[in-house]
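Engineer: requesting a structural model of the entry that follows:
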Amino acid sequence: MLYFARWKVWSIILICLAGVMFSLPNLFTREQLNRMPSWLPTHQVNLGLDLRGGAHLLLEVDTASVVRERLESLVDGARAELRSANLRYTGISITGSNAVSVRLREPADGPRVREALQKLAQPMQSSMLGIGGGQPDVIIEQGEGVVRLVLSEQAVLERTRSAVAQSMEIVRRRIDQTGVNEPTIQIQGRDRILVQLPGVDEPERIKRLLGTTAKLTFHLLDNTADPNSVTAPIGSMILDSDKDVDPSTGRPMRFVVKRKVEVSGDMLSDAQAGTDARSGQPVVNFRFNTAGAKRFAEITQANVGLPFAVVLDNMVLTAPRINEPILGGSGQISGNFTFASANELAVLLRAGALPAPLKVVEERTVGPDLGADSIRAGLLSILIAAILVLLYMVLAYGLFGLFANIALIANLLLTLAAMSLLQATLTLPGIAGLLLTLGMSVDANVLINERIREETKLGKSPMAAMETGFKRAFSTIVDANVTTLLKMLILYALGSGSVKGFAVTISLGIITSMFTATVVVRLMMVSWLRSRKVTALPV
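Structural biologist: Below is the predicted model:
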């Protein structure tokens with residue numbers, strides 16, 4: 001174990017120098033690094049929310065609305081199918097949290113009604129257990145004078161899981177549009193999404209972006225109905241304007257909008273904030289994909305002279321009259337926007353609509369001053385711990401303690417370099433992990449020095465004592481570090497946020513400490529022993 005080939009010596013030296021080079025960028029600001037030559041390393045350790053400051057939001061997905069939406073589509077579908085089959089009924093309504101009931105005028109029509117409604121069942125893609133793919137999501141039950149369409153438990157679970165996963169992806173897209181660096185977005189529990197945004201000082205704006213469903217649809221207006229009536233005709237709905245106010249009542253203007261969605265927002269390919277060429281007012285310019293452009297052209301060709309409502313989250317943004325067919329697949333949304341609100345709407349439309357509303361159930365904001373205090377306290381604790389450890393090692397083991405101290409500093413630099421290269425996030429628990437790394441690295445050196453001391457007491461020569469000491473200590477060091485690594489892997493797999501950061505810091509510290517304690521220290525001791533040709537070891 002005491003022989004080092006020349007290439008090994010140079011490899012160890014180069015690794016240590018690389019640790020110094022890749023950890024140095026953490027001493028500079030990002031502006032200073034941007035002015036340095038491009039060939040120099042510029043990666044820095046990312047600071048977590050508790051160190052850098054920012055916003056912490058826990059969002060809850062309204063999964064009940066996803067199930068409700070499916071039930072409402074079953075109601076509309078049942079009406080259409082029964083009308084097509086000339087089957088009469090006395091009423092169709094949602095009953096409970098997962099069923100639709102069809103009350104029959106003629107109980108004898110039950111089998112025919114059941115057969116007609118069978119078309120409404122949709123095959124499930126998969127199940128929570130990985131089985132049941134292709135099974136219908138609706139179970140049709142027949143009773144006395146009633147037929148029930150029941151959403152299966154598997155279908156409810158699948159829709160819930162799909163809504164949460166899709167919501168997380170939409171949230172990620174919206175945050176990416178705002179330019180926030182290194183956000184943490186992950187699912188927590190059954191229906192919640194954790195969002196951590198380091199450096200964000202406007203959490204209210206982010207909450208507005210994430211709390212808006214942004215479901216954009218285009219509808220024709222029902223000109224035959226009175227918008228001030230209490231109920232809308234069948235097939236229509238009464239919606240308020242988003243911004244326009246009725247001067248006679250002082251309340252938002254109301255529109256009777258046909259329920260049928262002529263074109264949906266998921267057919268948009270782009271949306272950008274801009275200004276109207278005639279009025280100079282802020283607007284949102286949008287463009288459809290191929291299918292959307294074709295459908296938009298068909299609708300505007302067939303309804304020239306009629307108003308066309310643009311609806312966002314059940315609020316009418318604008319309802320302009322179609323003066324001529326729009327064949328280019330692009331259009332404009334106006335509606336008393338400011339430049340900021342037009343840009344926010346464009347961001348929402350580009351990112352896509354949420355499948356269900358999101359509710360903020362927990363919110364925390366960490367100021368940058370508090371984060372700076374945490375950094376200072378963490379660095380001070382590391383400095384004090386390092387000084388105490390360095391003093392102890394020198395006092396306890398003399399020259400070999402000095403070698404251990406050099407390896408200890410190399411260990412810290414290599415850990416920081418690895419975190420910088422991996423773009424790992426450093427949090428307060430991560431600083432605690434660095435402190436623990438100091439202790440574990442020293443433990444390895446204490447084991448080696450004590451083993452060498454024992455072999456020296458047995459009367460062995462310096463070279464033999466060092467050889468045996470390293471050999472016997474090595475297996476103990478590996479066993480201890482491997483078991484710790486396994487615990488950190490479990491923490492990383494099961495933990496979240498700061499817990500994962502702690503696990504990453506400790507794991508990198510363990511790997512680098514094994515290198516510095518068993519390789520770097522051994523190289524220094526062997527080089528000293530061979531250059532001095534000593535007859536007794538200073539232990």
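Engineer: burial check on Leu508, number of neighbours?
Structural biologist: The burial count assigned to Leu508 is 23, neighbours taken as other C-beta atoms under 10 Å. All C-beta atoms are positioned from the backbone trio N, CA, C, and that covers glycine.
Engineer: for stretch 72-92, give me every contacting residue.
Structural biologist: By C-beta atoms under 8 Å, 6 or more residues apart in numbering, the residues outside stretch 72-92 that reach it are 93-94, 100-106, 109, 112-113, 116-117, 119-120, 138, 149, 259.
Engineer: and the buried ones among the residues you listed, selectable in PyMOL?
Structural biologist: Those of these that count as buried under 16 or more other C-beta atoms under 10 Å are selected in PyMOL with:
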select buried, resi 100+101+102+104+109+113+116+117+120+138+149
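Engineer: I figured Asn343 hits Ala273, correct?
Structural biologist: Yes. Using C-beta atoms under 8 Å, Asn343 is in contact with Ala273, at 4.3 Å.
Engineer: isn't Leu485 up against Ser513?
Structural biologist: No. Leu485 is not in contact with Ser513 according to C-beta under 8 Å; the separation is 11.1 Å.
Engineer: more neighbours: these two, which one.
Structural biologist: Taking neighbours as other C-beta under 10 Å, Leu485 and Ser513 compare with Ser513 leading, 28 against 16.
Engineer: residue closest to the middle of this structure?
Structural biologist: When C-alpha atoms, centre = their mean is applied to the chain, the residue found nearest the centroid is Ile185 (1.9 Å).
Engineer: quick one: which helix or strand includes it?
Structural biologist: In this structure, Ile185 is located in strand 184-188 according to DSSP states H and E.
Engineer: how far does stretch 380-387 sit from the chain's center?
Structural biologist: Counting by C-alpha atoms, centre = their mean, to the nearest Å, stretch 380-387 is centred 34 Å from the centre of its parent chain.
Engineer: kindly report the same for stretch 522-535.
Structural biologist: With C-alpha atoms, centre = their mean, you get 53 Å for stretch 522-535.
Engineer: which other residues reach it?
Structural biologist: Residues from elsewhere that reach stretch 522-535, judged by C-beta under 8 Å, 6+ apart: 1-2, 4, 9, 12, 399-400, 403, 406-407, 462-463, 466, 470.
Engineer: rerun that using 7 Å as the cut-off
Structural biologist: By C-beta atoms under 7 Å, 6 or more residues apart in numbering, the residues outside stretch 522-535 that reach it are Met1, Leu2, Phe4, Val9, Ile12, Phe400, Phe403, Ile406, Pro462, Met463, Met466, Phe470.
Engineer: ok, Ile299 - how many residues close by?
Structural biologist: 19.
Engineer: now swap in Met440 and tell me
Structural biologist: As a burial measure, Met440 scores 19 neighbours (other C-beta under 10 Å).
Engineer: buried subset of the contacts of stretch 522-535, written for ChimeraX?
Structural biologist: Of the contacts of stretch 522-535, the buried ones can be selected in ChimeraX as follows, counting by 16+ other C-beta under 10 Å:
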select :4,12,400,403,462,466,470
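Engineer: which ones among the contacts of stretch 522-535 are found in helices?
Structural biologist: Of the contacts of stretch 522-535, the ones assigned to helices by DSSP state H are Val9, Ile12, Phe400, Phe403, Ile406, Pro462, Met463, Met466, Phe470.
Engineer: so the third one makes contact with Arg451?
Structural biologist: No. Phe400 is beyond contact range of Arg451, at 11.5 Å (criterion: C-beta atoms under 7 Å).
Engineer: before we move on, back to that, in JSON lines: the contacts of stretch 522-535, plus pLDDT.
Structural biologist: Output for the contacts of stretch 522-535, formatted as JSON lines (pLDDT from 0 to 100):
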{"residue": "Met1", "pLDDT": "62"}
{"residue": "Leu2", "pLDDT": "69"}
{"residue": "Phe4", "pLDDT": "83"}
{"residue": "Val9", "pLDDT": "90"}
{"residue": "Ile12", "pLDDT": "92"}
{"residue": "Phe400", "pLDDT": "90"}
{"residue": "Phe403", "pLDDT": "92"}
{"residue": "Ile406", "pLDDT": "93"}
{"residue": "Pro462", "pLDDT": "85"}
{"residue": "Met463", "pLDDT": "86"}
{"residue": "Met466", "pLDDT": "87"}
{"residue": "Phe470", "pLDDT": "89"}
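Engineer: got the contact list for Ser374?
Structural biologist: Neighbour list for Ser374: Asp50, Leu51, Leu428 [criterion: C-beta under 7 Å, 6+ apart].
Engineer: the residue nearest to Ala351 when sequence neighbours are not counted: neighbour count?
Structural biologist: The shortest distance from Ala351 to any non-neighbouring residue, by C-beta to C-beta, 6 or more residues apart in numbering, is to Arg173 (3.9 Å). The tally of other residues near Arg173 (other C-beta under 10 Å) stands at 14.
Engineer: and the strand or helix carrying Arg173, what does it pack against?
Structural biologist: Remark: Arg173 resides in helix 153-178, with elements defined by DSSP H and E. If you count contacts as 3 or more C-beta pairs under 7 Å, 6 or more residues apart in numbering; DSSP states H and E, helix 153-178 packs onto strand 54-61, helix 63-84, strand 184-188, strand 192-198, helix 203-211, helix 339-351.
Engineer: what lines up beside the third one in the sheet?
Structural biologist: Paired strands of strand 184-188, with direction, are strand 192-198 (antiparallel) (DSSP bridges).
Engineer: can you check what angle separates the partner strand from helix 203-211?
Structural biologist: 150 degrees (axes from the mean of the first three to the mean of the last three C-alpha atoms, to 10 degrees).
Engineer: got a list of contacts for strand 192-198?
Structural biologist: Against strand 192-198 from outside (C-beta under 7 Å, 6+ apart): 47-49, 52, 54-61, 167-168, 171, 175, 180, 182-188, 206, 497.
Engineer: rerun that using 6 Å as the cut-off
Structural biologist: Identification of contacts with strand 192-198 by C-beta atoms under 6 Å, 6 or more residues apart in numbering yields 49, 52, 54-60, 168, 180, 182-188.
Engineer: drop anything exposed from these.
Structural biologist: Of all the contacts of strand 192-198 considered here, the ones buried according to neighbour count by 16+ other C-beta under 10 Å are 49, 52, 54-60, 168, 180, 182-185, 187.
Engineer: lowest pLDDT pick from those residues?
Structural biologist: When the buried ones among the contacts of strand 192-198 are sorted by pLDDT, the bottom entry is Glu182 at 68.
Engineer: if we can go back for a sec, nearest to Val156, out of the helices and strands packed on helix 153-178?
Structural biologist: The closest of the helices and strands packed on helix 153-178 to Val156 is helix 63-84. By C-beta to C-beta, the value is 5.8 Å.
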